Structures are given as structure tokens and as C-alpha cells.
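1. Mind looking at a prediction? Sequence and model below.
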Amino acid sequence: MLNFKSVVDLFEKLPTEQKCIDYFDIRWASGAYCPYCGNQKIFHYADGTNHKCSACKKRFSIKVGTIFENNKISLKKWFTAVLQVTTPKKKFIIVTAFKRY
């Protein structure tokens, strides 16, 4: 699991949406499975975010069952927002000032 010290650090470690998707896959560290029926045989779509269960045929996103489900906001934007909310205020002010200039 990565530890981000600042927004700049986040952007360096996860520079693209695909890197964020790859990082988010850690929730399936013991193997991907269908969140609806639990089947472990799933098909992966080329976009890397969507999957389809071979048993129940339901399509699902890597965001299913999380606070990120049912919205079109990118994981990169979500990760940035979560980092800003969880970073101590003093540290956040320095990073915000750095981004302005």
C-alpha cells in the first residue's frame, strides 16, 4: 500500500487514471470476484475498470461496493480529494500554496 505525503507525491506515484485503477485493484489482493454472486471466474473488459461475471452475467466496475460507485468522477480526483481531507491542515495549506505558484 502506498503512503502519500502530499498531492504532489500522489501525482508522482499515480500520474494517470490507469495507474489509479491499478492501485485500486489492491482491494482484490486475493483474487477478483463477482460482488453479486461471489464467483471468481470473471471476464475483464479492455478498459481495465469493468468486468463481467461468467456465472450470473452481471457487469460491474472496480468501484462497486465502494464510496466511488455510481459516479463519473475519476479515481485520480477522488484520491486527491481524500488525501486533502485526511492531510493535516498545516500540511495542506503548504501544498495548496505550492500549487498556486
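-> Nice, I can see it.
2. and W78, how many neighbours?
-> By other CB atoms under 10 Å, the residues close to W78 number 17. Any C-beta I mention is one placed from the backbone N, CA and C, and that applies to glycine too.
3. Does the residue nearest in space to the middle of the chain belong to a helix, a strand or coil?
-> In the chain, the centroid-proximal residue (CA atoms, centre = their mean) is F24; its distance is 4.0 Å. What DSSP: H, G, I helix; E, B strand; the rest coil gives for F24 is helix.
4. K77 too?
-> helix.
5. rewinding a little: my read is that the residue nearest to the centre of the chain contacts L75, right?
-> Yes. Using CB atoms under 8 Å, F24 is in contact with L75, at 5.8 Å.
6. and for the two, which residues touch both?
-> The overlap between the contact sets of F24 and L75 (CB atoms under 8 Å, 6 or more residues apart in numbering) consists of K63.
7. one step back: residue contacts, the residue nearest to the centre of the chain?
-> Residues in contact with F24 (CB under 8 Å, 6+ apart) are 62-63, 75.
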